[in-house]
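Trainee: let me see the structure of the following:
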Amino acid sequence: MIKIAPSILAADFLRLGEEVKAVESAGVDRLHLDVMDGRFVPNISFGFPILEALRPATRLPLETHLMMVEPERYLEAFARAGADTLIVHQEVSPHLDRTIHLVKSLGKRAGVALNPSTPVSLLEDTLELFDLVLVMTVNPGFGHQHFIGYTLEKIRQIRERLDRRNPQCDLEVDGGIDAETAPRVVAAGARVLVAGTSVFGDPAGPAAGLRSLTQAAARRGSNPAERPNH
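Mentor: Sure, this is the predicted structure:
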C-alpha cells in the first residue's frame, strides 16, 4: 500500500492549519516537516515553533526530517515539541548507531536519509536499526527541483536489502515527486512518497493533488530504468 507524506514546506503558511486539515481529511498517513539549518543545506526553513503549533492541531504522525549538522544535539527538543519520527542524514551523523539508539530511547521512530550521491553501502552495517530509510531524489535544500533519475537504482538496491533484512522498515522518497515520477519510484520499490508542490500546489486544492498522485502511483512505471536521468 502506497502512502503519501505531504511536505508542509510547500503549504501556504498563512493558511497552514487549513492546509493540514485538508490533507488529514483526505486520508494521508503522516505529515513531513523539513527542518533546514542553512549549513548542511543552503536554506533555512523552520524549527520548534511550527512543530509545537502543529502538534495539537492534528492527529497525524509528524515526521521530522532534520537537514542539519549535529542533529543529535536537538533530538530531545524535537521529541518534546511533538515529533513522532526523527530522520537524520547519514552524511552528518558520524556516530549513526549512537544517534539512532538515542532516537529510539526517546520513544520515537528512527529514520536515516541519504543524499543522491551517497552510496547505499554506507548503511550496510546498520540497516536493521531503522524504522525508515529516506532516499533523497533531489539534492536537499529547496523545493521545486527536478527528479534525479539515477536515484531509482538506489531505491531498488535498498528495497532488495530491506526485503531480506528489515521488511517492516519504510522505504520513503523525497524530491520531485509528481504524477510522472511517482509510478517510477513505486516500481523501484518505494512505499512512502513525500510530496510538496504536487499536493499543496494543485490548482484544485490539496485533496485533488493527493488523488492525482495516488492514482499515478498506482500505475507504477513499466520500466523506470529506461527513463532519462533528470
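
Trainee: contacts, neighbours, all on C-alpha from now
Mentor: Noted.

Trainee: could you measure from the nearest residue to residue 21 once chain neighbours are set aside over to residue 200?
Mentor: Leaving aside its sequence neighbours, residue 21 sits nearest to residue 58 (Cα to Cα, 6 or more residues apart in numbering; 7.4 Å). Going from residue 58 to residue 200 by Cα to Cα, to the nearest Å gives 17 Å.

Trainee: if we can go back for a sec, quick check: phi and psi on the residue nearest to residue 21?
Mentor: phi -150, psi 150 (degrees, to the nearest 10).

Trainee: so it touches residue 20, yeah?
Mentor: Yes: in this structure, residue 58 is within contact of residue 20 by Cα atoms under 8 Å, at 7.5 Å.

Trainee: in the chain, where is pLDDT below threshold?
Mentor: 221-230 (pLDDT under 70).

Trainee: go with 50
Mentor: Within the chain, the stretches with pLDDT under 50 are 222-230.

Trainee: what ranges does it have for its strands?
Mentor: Secondary structure of the chain by DSSP state E: the strands cover 3-6, 31-36, 62-67, 85-89, 109-114, 132-136, 170-174, 192-195.

Trainee: want to try JSON lines for the ones you listed, with distance to residue 214 and mean neighbour count as columns?
Mentor: As requested, these are exported to JSON lines (distance: least, Cα to Cα, whole Å; neighbours: other Cα atoms under 10 Å):
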{"stretch": "strand 3-6", "distance to residue 214": "8", "mean neighbour count": "23"}
{"stretch": "strand 31-36", "distance to residue 214": "16", "mean neighbour count": "23"}
{"stretch": "strand 62-67", "distance to residue 214": "20", "mean neighbour count": "24"}
{"stretch": "strand 85-89", "distance to residue 214": "23", "mean neighbour count": "25"}
{"stretch": "strand 109-114", "distance to residue 214": "23", "mean neighbour count": "24"}
{"stretch": "strand 132-136", "distance to residue 214": "19", "mean neighbour count": "24"}
{"stretch": "strand 170-174", "distance to residue 214": "14", "mean neighbour count": "24"}
{"stretch": "strand 192-195", "distance to residue 214": "10", "mean neighbour count": "26"}
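
Trainee: in CSV, list the ones you listed along with distance to residue 161.
Mentor: Shown next, in CSV, are the strands of the chain (distance: least, Cα to Cα, whole Å):
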stretch, distance to residue 161
strand 3-6, 20
strand 31-36, 24
strand 62-67, 22
strand 85-89, 19
strand 109-114, 15
strand 132-136, 11
strand 170-174, 11
strand 192-195, 17
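
Trainee: re the thing from before, quick one: residues contacting the residue nearest to residue 21.
Mentor: Contacts for residue 58 (Cα atoms under 8 Å, 6 or more residues apart in numbering) come out as 20-21, 24.

Trainee: which non-adjacent residue is nearest residue 183?
Mentor: In space, and not counting its chain neighbours, residue 183 is closest to residue 220: 3.7 Å by Cα to Cα, 6+ apart.
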